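Enquirer: Provided below for reference: sequence and predicted model.
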Amino acid sequence: MKEKGRYRGDIRSGTLVCENCGQEYPVAAGRPVLLRKNVLNEWTSPVSEAMGINDYRTIDQSIKELFSFGEKRAIELVHERDQVNAEVFESLKSIPRSVVGKMKYRESGKWIEAGNRRARLLSFPWKAGDNKDSFNIFMQRIASTKPDSILDIASGGGFAVSHQAFVNTKVKQILAVERDLKSLGNIQYRFKYIGSESRSEAVGGDVRNLPVRTEVIDTAMMLAALPEISGVTLMIREVFRVLKEGGAFVLLVPEDPVVPELRTDAEFGKFAAKADLYAGHEKFEYDSELQGFRVESSKRYEGRQGGKRRLISLKK
Ligand SMILES: C[S@@+](CC[C@H](N)C(=O)[O-])C[C@H]1O[C@@H](n2cnc3c(N)ncnc32)[C@H](O)[C@@H]1O
């Protein structure tokens, strides 16, 4: 580790060098960023990402664009994107200053304390005592696996992982992996807020290429991120790799794909399969079994506002 500065004993900025391959990775705002160059760090629609479109689109906009291309052209774009990606192995050497600024701002807590975000985003515990709430059941399910180590997949702002850190005081090590770097600041702030910082780390990483050694994790968890992943089967394979034998992968996911047209039996089903997008829980469970997981349970929950969610527990 080459180091440029110190802050209360933590490394704030510098470079991590892989002892095996010599690859260098930056440390920015106290967070290790173990990403390849071609992995974007800002939010992007998985539909656009699959077609190699890097400019910002909402999911709706990207679906409209997909329909305007038609399935055949969209699949060609996926192939072209795959070829480009296959040629990039370089790491992100440095992080733009503007991004580091956002990471620091969010880590300071100022972002989350602004407006009414605090009430929405920073209330622990979530709906205390509500045993029918699917999120609470999800939290209990993860804790019931009695893990020493937890890996949170695609952590976003860290809502789920910080709640697990809050309710599960027994877990010794918590790792949150997210590629939107500014969010790493949010996650780390939440860890600090609940006093879990010494056992919890937010790390910049790609869930399709996890920056984690093989067979070291007891339990992996994932909240609501599956429809945002372009490369779902790659992610499943990676989670399987890093879990110990007997390890658990617990997910709370939407019951349906982003739009019905992305179902495997629907108009754009072939595109969803080629682009490796979330196409409903049946396909996800089937793919997980192909990778070696056993589906322990899969149960649907009706949300109070009508949204349907599914809690899936996989076992290695
Ligand atoms: C809806 S958020 C997840 C919410 C989060 N689990 C929580 O508890 O707050 C989905 C996240 O997936 C991230 N994401 C999408 N593709 C990714 C990838 N390949 N690697 C890492 N993160 C990814 C996005 O950046 C986004 O922040």
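Expert: Perfect, thanks for sending it.

Enquirer: dump the residue contacts of the closest residue to the ligand within the chain.
Expert: Nearest to the ligand, among the residues of the chain, is residue 156, at 2.9 Å (C-beta to the nearest ligand atom). Every residue, glycine included, has its C-beta placed from N, CA and C. By C-beta atoms under 8 Å, 6 or more residues apart in numbering, residue 156 lies in contact with 178, 180, 183, 223, 224, 225.

Enquirer: next one: residue 168
Expert: For residue 168, the contacting residues are 139, 142, 143, 147, 150, by C-beta under 8 Å, 6+ apart.

Enquirer: Just the residues you listed: which are in strands?
Expert: Judged by DSSP state E, strands contain the following of the contacts of residue 168: residue 150.

Enquirer: nearest residue to residue 308 other than its sequence neighbours?
Expert: Nearest in space to residue 308, with sequence neighbours left out and distances taken as C-beta to C-beta, 6 or more residues apart in numbering, is residue 255 at 3.8 Å.

Enquirer: Verify the contact between the one you found and residue 311 for me.
Expert: No: using C-beta atoms under 8 Å as the test, residue 255 is too far from residue 311 to be in contact (10.6 Å).

Enquirer: the more surrounded of the two?
Expert: The neighbour count for residue 255 versus residue 311, taken as other C-beta atoms under 10 Å, is higher for residue 311 (18 against 14).

Enquirer: circling back: as CSV, the contacts of residue 156 with pLDDT would be great.
Expert: Shown next, in CSV, are the contacts of residue 156 (pLDDT from 0 to 100):
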residue, pLDDT
178, 96
180, 92
183, 95
223, 97
224, 93
225, 94
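
Enquirer: What residues does the stretch 1-150 of the chain have near the ligand?
Expert: residue 43 (C-beta under 6 Å from any ligand atom).

Enquirer: do that again at 8 Å, thanks
Expert: Taking C-beta under 8 Å from any ligand atom, the part of the stretch 1-150 of the chain that reaches the ligand is made up of 39, 43, 44, 46, 49.
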